[in-house]
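Peer 1: dropping the sequence and predicted coords here.
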Amino acid sequence: MPVPTDRIAVTIHAADPLSRAGVVSHLRHQPILEVVPRLAERDGLAHAAAVAVAVAVVVIDRIDEQSVAELRGILRSGDRRVVLVARELRESELLSVVEYGVRAIVWRHQATEEQLVTAVCQAAQGECVLPPDLIGRVLGQVNRLRRSERAAACSGPATAPLFGLTPRETDVLRLVADGLDTRRVAEKLAYSERTVKNILHGMMTRLQLSNRAHAVAYALREGYI
């Protein structure tokens with residue numbers, strides 16, 4: 001595998017100090033890598049000489065509110081590529097973690113020194129790395145998204161994003177949040193009831209939302225309404 005010619009600054013993010021120490025022990029002796037302490041990270045990696053790319057290695061058990069906040073905070077703090085070391089990921093979370101900027105996923109039970117170094121180097125080069133058992137699950141997610149887009153095609157020509165809400169979806173959910181049923185939402189927006197149902201179905205399928213209440217909660221949490 002080709003490796004970058006410049007050194008890579010690596011920051012380690014783990015709630016468990018033992019997990020962090022384990023990752024540091026795997027990476028700190030690699031000549032192509034420079035493990036950057038968290039204090040230096042807050043100073044903008046200024047001490048790291050000849051660093052071309054920064055990669056954040058994030059160690060979690062599973063996706064929850066804390067890990068999502070961590071991923072978003074990392075992305076807001078600078079231009080870094082994320083390697084996620086996870087114990088487990090539900091199928092509905094696979095595309096979501098990509099939205100947060102994850103470029104590589106390594107299972108914790110497979111996180112050997114060689115696997116971690118390879119994932120960091122490939123992420124630094126802009127490549128996406130997945131464990132073999134995840135590839136089929138990702139393809140399944142993509143196929144379902146395509147089917148949902150085809151199912152919602154009669155509701156309009158606009159292509160929905162993989163993540164987030166379209167303006168029309170936001171309009172529908174805002175009225176649903178106000179307690180309106182399908183008929184009244186359709187009247188307010190001058191849509192047919194079938195169109196409203198298609199918008200909701202396509203959005204909930206795409207975003208893996210279980211029902212309308214879940215969809216409203218998602219829109220509130222993400223600041224759409």
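Peer 2: That came through, no problem.

Peer 1: may I have the phi/psi pair for residue 175?
Peer 2: Phi and psi for residue 175, reported as degrees, to the nearest 10, are phi -70, psi -40.

Peer 1: just checking, it touches residue 185?
Peer 2: Yes - if you go by Cβ atoms under 8 Å, residue 175 and residue 185 touch, sitting 4.6 Å apart. Any C-beta I mention is one placed from the backbone N, CA and C, and that applies to glycine too.

Peer 1: and these two? Which one has more around it.
Peer 2: residue 185 (23 against 20; other Cβ atoms under 10 Å).

Peer 1: contact partners of the strand or helix carrying the more buried one?
Peer 2: Using DSSP states H and E, residue 185 falls within helix 182-189. Judged by Cβ atoms under 8 Å, 6 or more residues apart in numbering, the contacts made with helix 182-189 from elsewhere in the structure are 171, 172, 175, 176, 180, 191, 192, 193, 195, 196, 197.

Peer 1: tell me where the longest strand sits in this protein.
Peer 2: Assignment by DSSP state E gives strand 51-60 as the longest strand of the chain.

Peer 1: so for stretch 205-216, mean pLDDT?
Peer 2: Mean pLDDT, stretch 205-216: 84.

Peer 1: right, I mislabeled it, should have said stretch 186-195
Peer 2: Predicted confidence along stretch 186-195 averages 92 (mean pLDDT).

Peer 1: next, the buried residues of it.
Peer 2: When neighbours are counted by 16 or more other Cβ atoms under 10 Å, the buried residues of stretch 186-195 are found to be 186, 189, 191, 195.

Peer 1: follow-up on the earlier one: got JSON lines for the contacts of helix 182-189, with secondary structure and distance to residue 57 too?
Peer 2: Rendered in JSON lines, the data for the contacts of helix 182-189 read as follows (DSSP: H, G, I helix; E, B strand; the rest coil; distance: Cβ to Cβ, whole Å):
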{"residue": "171", "secondary structure": "helix", "distance to residue 57": "40"}
{"residue": "172", "secondary structure": "helix", "distance to residue 57": "40"}
{"residue": "175", "secondary structure": "helix", "distance to residue 57": "43"}
{"residue": "176", "secondary structure": "helix", "distance to residue 57": "40"}
{"residue": "180", "secondary structure": "coil", "distance to residue 57": "46"}
{"residue": "191", "secondary structure": "coil", "distance to residue 57": "47"}
{"residue": "192", "secondary structure": "coil", "distance to residue 57": "50"}
{"residue": "193", "secondary structure": "helix", "distance to residue 57": "49"}
{"residue": "195", "secondary structure": "helix", "distance to residue 57": "45"}
{"residue": "196", "secondary structure": "helix", "distance to residue 57": "44"}
{"residue": "197", "secondary structure": "helix", "distance to residue 57": "43"}
